[in-house]
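Enquirer: structure of the sequence below:
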Amino acid sequence: MTDSDSSRAAGREDWSFPPGVTYLNHGSFGPSPIVVQQVREDWSRRLNANPMDFFLRQFDDALQNATARLGQWIGAESRDLVFVDNSTVAMNIVAETLVLEPGDEILLNDHEYGAVFRIWRAVCDRTGAKIVSPTLGIGTDDEPRRFEQTTDITDPILNAITPRTKLIIISHITSPTAITFPVEVICREARKRGIPVCIDGPHAIAMYPINLRKLDCDFYCASLHKWLSAPFGSGFLYVRPKWQESLQPHLTSWGRSLGGCAPRWQDRLNWLGTRDPAPFLSVPAAIDFLERVGMETFRQQTHELARYARTRLEGILSRNATIPDSIDWYGSMTAIPLPPDASKKARPNSIHPLQQALWDWHQMEVLVTECHGQRYLRVSCHLYNSAQEIDRLCDAVEAWGK
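Expert: Here you go, the predicted model:
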């Protein structure tokens, strides 16, 4: 079935936002459309109706079906995937799996997610390995870093590889700066050097077409509550077959199927004690929702909104975005550097005054991110957003700056 055959309009009425709220932060916490919420609730009701029947006779098949549907959609074999709560859990599993010795090196560039740095710092502190952080740069308050070509990203990372490099970790789309990284190039060049790659990919799922077979990474960590709009508590970890038997779960439980299925490597993560698996089992409903809309319709519509926000905010803030104006560099999310005066108004470890003011005065949810001292206004767009909402955001930002 093609996008043109299945597409239909989708908008705010498909979600359950309170009246008056403008939600432009799907990139942090993307809520599910109502139909996906209903599927999730139905799975939970089935569990609670007869937990024994559910876990012993229904769960294994239902989980396998959901995994197969996800695998079909992202170009991966279901035998190489396992559902986890989110990308942070997935990254912790990778960190537990990799065997490191003193002096080994983990490559994490300076645009990576803060929690990922924390995970790997803890591992390095425990093992004597070290983080090597190639500098892509963010520039200064007066002159933010500008990326013009993919080699501005790939060269510093690849040039940092040494004989002690044990893993390259790279975002598919960066969280603080909203840049789509050329992960295909990194994977290809790392494979030539025999170095495994772990991709932190929560923002890429649905925003871009994904084919993990072609990407050829070793690990892919993702949260599905973002652009796919699956329920909170749904994510996945892709594991290249060579790593599967050595994989170490972040929690230890029975590690086997309650229904008596043949052992698989995923068993160590599928059963971590009693929990509601409804978020995992609802993932096909989220895929179905976006496919009914049309994946290209979704991507084009949300990119055009992000592009409109970028263009207007560049003028209002008198700041240029740090990447070219191309869907190859950003999709449904854009980040504009804030001017020096706005950055100086922020206090460490607190909500930025602009973000707080947009909520207090206008009931707008928008994120101000930070990367090595440079702050960005990051606008995330989904099917429920409109150009009129972008206009209201821009008017509010302009009024705040006066």
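Enquirer: low-confidence bits of the protein, can you list those?
Expert: 1-9, 342-349 (pLDDT under 70).
Enquirer: can you rerun that using 50?
Expert: Scanning the chain for pLDDT under 50 picks out the ranges 1-7.
Enquirer: show me what the longest helix seen in it is packed against.
Expert: Among the segments of the chain that qualify as a helix by DSSP state H, the longest is helix 295-317. Here helix 295-317 is seen to pack against helix 3-6, strand 333-337, strand 374-380, helix 387-400 when contacts are counted using 3 or more CB pairs under 8 Å, 6 or more residues apart in numbering; DSSP states H and E. Yep, even glycine has a C-beta here, placed from its N, CA and C like the rest.
Enquirer: just the ones you listed: most buried one?
Expert: Mean neighbour count (mean count of other CB atoms under 10 Å) peaks for strand 333-337 among those, with a mean of 28.
Enquirer: packing partners of it?
Expert: On the basis of 3+ CB pairs under 8 Å, 6+ apart, strand 333-337 makes packing contacts with helix 295-317, strand 374-380.
Enquirer: one more pass at 10 Å, please.
Expert: Applying 3 or more CB pairs under 10 Å, 6 or more residues apart in numbering; DSSP states H and E, one finds that strand 333-337 contacts helix 295-317, strand 367-371, strand 374-380.
Enquirer: so how far is it from its chain's centroid?
Expert: Relative to the centre of its chain, strand 333-337 is centred 16 Å away, using CA atoms, centre = their mean, to the nearest Å.
Enquirer: do the same with stretch 350-369
Expert: Centroid separation between stretch 350-369 and its chain, computed with CA atoms, centre = their mean, is 22 Å.
Enquirer: now stretch 381-401
Expert: Using CA atoms, centre = their mean, the offset of stretch 381-401 from its chain centre is 23 Å.
Enquirer: still on that earlier bit, so of the helices and strands packed on strand 333-337, which one's packed in deepest?
Expert: The highest mean neighbour count among these, using mean count of other CB under 10 Å, belongs to strand 374-380: a mean of 26.
Enquirer: that one pairs with which strands?
Expert: strand 333-337 (antiparallel), strand 367-371 (antiparallel) (DSSP bridges).
Enquirer: angle of the first one against helix 295-317?
Expert: Going by axes from the mean of the first three to the mean of the last three CA atoms, to 10 degrees, strand 333-337 is angled at 10 degrees with respect to helix 295-317.
Enquirer: what's near enough to touch the residue nearest to residue 394 when sequence neighbours are not counted?
Expert: The shortest distance from residue 394 to any non-neighbouring residue, by CB to CB, 6 or more residues apart in numbering, is to residue 312 (4.5 Å). Contacts for residue 312 (CB atoms under 10 Å, 6 or more residues apart in numbering) come out as 336, 379, 387, 390, 391, 393, 394, 395, 397, 398.
Enquirer: where exactly do the strands run in the chain?
Expert: Ranges of strands in the chain, per DSSP state E, are 22-23, 81-84, 105-108, 130-132, 165-171, 197-200, 219-223, 235-239, 333-337, 364-365, 367-371, 374-380.
Enquirer: so can I have JSON lines of those strands showing distance to residue 320?
Expert: JSON lines is the format used below for the strands of the chain (distance: least, CB to CB, whole Å):
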{"stretch": "strand 22-23", "distance to residue 320": "25"}
{"stretch": "strand 81-84", "distance to residue 320": "38"}
{"stretch": "strand 105-108", "distance to residue 320": "27"}
{"stretch": "strand 130-132", "distance to residue 320": "30"}
{"stretch": "strand 165-171", "distance to residue 320": "22"}
{"stretch": "strand 197-200", "distance to residue 320": "26"}
{"stretch": "strand 219-223", "distance to residue 320": "30"}
{"stretch": "strand 235-239", "distance to residue 320": "34"}
{"stretch": "strand 333-337", "distance to residue 320": "8"}
{"stretch": "strand 364-365", "distance to residue 320": "23"}
{"stretch": "strand 367-371", "distance to residue 320": "16"}
{"stretch": "strand 374-380", "distance to residue 320": "12"}
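Enquirer: and these: which comes nearest residue 114?
Expert: For the strands of the chain, the distance to residue 114 is smallest for strand 367-371, at 8.9 Å, taking CB to CB.
Enquirer: got a list of contacts for the closest one?
Expert: Residues contacting strand 367-371 (CB under 10 Å, 6+ apart): 24-25, 27-29, 110-112, 114, 136-138, 144-145, 174-178, 333, 335, 337-338, 342-343, 346, 348, 351-356, 358, 375-380.
Enquirer: just the buried ones out of those, please.
Expert: 24-25, 27, 111-112, 136-138, 144-145, 174-178, 333, 335, 337-338, 342-343, 346, 352, 354-355, 358, 375-380 (16 or more other CB atoms under 10 Å).
Enquirer: ok, and what's touching stretch 183-192?
Expert: With contact meaning CB under 10 Å, 6+ apart, stretch 183-192 is reached by 107, 109, 150-151, 153-154, 157-158, 161, 165, 167-168, 170-173, 182, 195-197, 199-201, 204, 211, 214-218, 220.
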